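*Asks:* could you work out the structure for the sequence below:
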Amino acid sequence: MSGLIEGLPDSVALLCLARVPFYFDPYLLLVCRSWRDAVCSPEFFKARQEVPAVEFLSICTGVREKLWQLYDPLNDIWVILPDIPSETRDPEDFAFVSTAGKLFVLGGDCTYYDRTTDSDVGETATDAVWSYDPILGSWDRRASMLLPRSHFACCVLEGKIVVAGGLNSSFQPISNAEIYDPETDVWVPLPDLPSIGFSASGVVIGGKLHVFYYGLSTVRILENGGCGWAWTVKEYGWLKGPMAVVREEAYVLNDGFVFKLDKELKIQKMVAEAPADCSYFYLGCYFTMIGLGDELYMVGSEEIYVLTVGTETPTLRELPREWYPRDGHTITRSTMLRL
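*Replies:* You can find the predicted model right below:
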């Protein structure tokens with residue numbers, strides 16, 4: 001490759017091209033042969049790694065058929081991702097996380113109702129793991145989990161994916177936990193959860209994984225101490241509801257209000273009230289919160305609100321509904337992708 005940008009050394013020009021958002025790569029390939037060769041070169045991928053990281057909101061819409069999308073808050077652009085090339089039905093009650101610059105879809109319930117047989121067909125829990133590389137623009141099948149599961153806790157801890165609890169193929173709760181290294185594509189067992197329950201969820205706060213069960217007042221905490229991974233069980237007095245972390249500070253939505261928590265996870269102050277017309281913000285149904293930069297993205301089934309918490313006076317705004325709905329507008333999962 002030579003003469004990428006007139007008047008600039010190729011090394012500098014390559015850094016300029018690397019700053020173009022990845023979703024414009026197909027257009028870069030069409031400019032000229034030298035740009036096409038540059039974008040496809042190992043030097044370009046290396047230059048991309050030197051560019052300051054950018055955070056994207058990723059959502060999944062639809063129930064029976066999924067549509068995967070990314071939102072770039074810096075440029076206010078939505079991007080549609082390709083479908084997962086799976087031969088089975090798109091899962092429900094799956095996990096959706098991001099690490100190592102890739103999106104990961106794990107497990108879930110792949111059953112569906114077959115009218116011809118008047119029965120449910122498919123796997124009630126799967127061990128499948130898929131990853132999406134936004135630079136290459138493709139999904140890849142990764143190593144399967146050690147056990148199939150749905151309705152489970154899943155978080156990224158120290159750059160690795162931890163899954164814990166959930167329901168097995170017989171809809172029975174399990175205590176199994178495991179950890180995945182995206183660099184080696186290997187799953188390793190973790191100590192079992194000290195107790196089991198239904199509908200597990202998790203959040204990482206202070207470098208520790210906190211696992212909650214619906215209806216229980218205790219939290220199971222996983223940390224990597226001097227003697228390896230270990231669980232502890234504690235009673236928790238903080239408010240129940242969806243949680244997210246912004247700049248190492250935890251926030252929780254409870255009964256329509258967003259509260260900031262202190263280091264002991266006790267209420268520090270009330271930050272904002274959810275919009276009155278969004279009943280699911282109060283009920284917590286089909287609702288998640290994601291921290292991006294200094295903002296808290298409150299993602300409901302049909303609306304997305306952005307709460308700026310990095311200022312003295314928090315502000316709340318609604319994100320224009322410019323994402324593409326599938327299967328009744330329903331947003332079923334969301335996560336943050338950092339590139």
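*Asks:* residue ranges for the helices of the chain, please.
*Replies:* Counting by DSSP state H, the chain has helices at residues 10-18, 25-31, 33-39, 42-50, 279-283.
*Asks:* in the first one, what counts as buried?
*Replies:* Just to be clear, that refers to helix 10-18. Residues Ala13, Leu14, Leu15, Leu17, Ala18 are the ones in helix 10-18 that count as buried (16 or more other C-beta atoms under 10 Å). The way it works is simple: take the backbone N, C-alpha and C, and place the C-beta from them, glycine included.
*Asks:* nearest to Pro85, out of the helices of the chain?
*Replies:* Of all those, helix 25-31 sits nearest to Pro85, with 18.9 Å by C-beta to C-beta.
*Asks:* what mean pLDDT does that closest one get?
*Replies:* Averaging pLDDT along helix 25-31 gives 90.
*Asks:* now stretch 194-203
*Replies:* 84.
*Asks:* okay, buried residues for it please.
*Replies:* Ile196, Gly197, Ser199, Ala200, Ser201, Gly202, Val203.
*Asks:* do stretch 131-140 as well
*Replies:* Within stretch 131-140, the residues scored as buried using 16+ other C-beta under 10 Å are Ser131, Tyr132, Pro134, Trp139.
*Asks:* if we can go back for a sec, how about JSON lines for the helices of the chain, with distance to Gly310 added?
*Replies:* Below are the helices of the chain laid out as JSON lines (distance: least, C-beta to C-beta, whole Å):
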{"stretch": "helix 10-18", "distance to Gly310": "27"}
{"stretch": "helix 25-31", "distance to Gly310": "31"}
{"stretch": "helix 33-39", "distance to Gly310": "34"}
{"stretch": "helix 42-50", "distance to Gly310": "26"}
{"stretch": "helix 279-283", "distance to Gly310": "21"}
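*Asks:* what about the ones you listed, which gets the closest to Asp76?
*Replies:* Per C-beta to C-beta, nearest to Asp76 of the helices of the chain: helix 25-31, 17.9 Å.
*Asks:* how about a markdown table for the buried residues of stretch 194-203, with distance to Phe56 added?
*Replies:* Below are the buried residues of stretch 194-203 laid out as a markdown table (distance: C-beta to C-beta, whole Å):
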| residue | distance to Phe56 |
| --- | --- |
| Ile196 | 35 |
| Gly197 | 33 |
| Ser199 | 28 |
| Ala200 | 26 |
| Ser201 | 23 |
| Gly202 | 22 |
| Val203 | 20 |
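*Asks:* okay then, goodbye and thanks.
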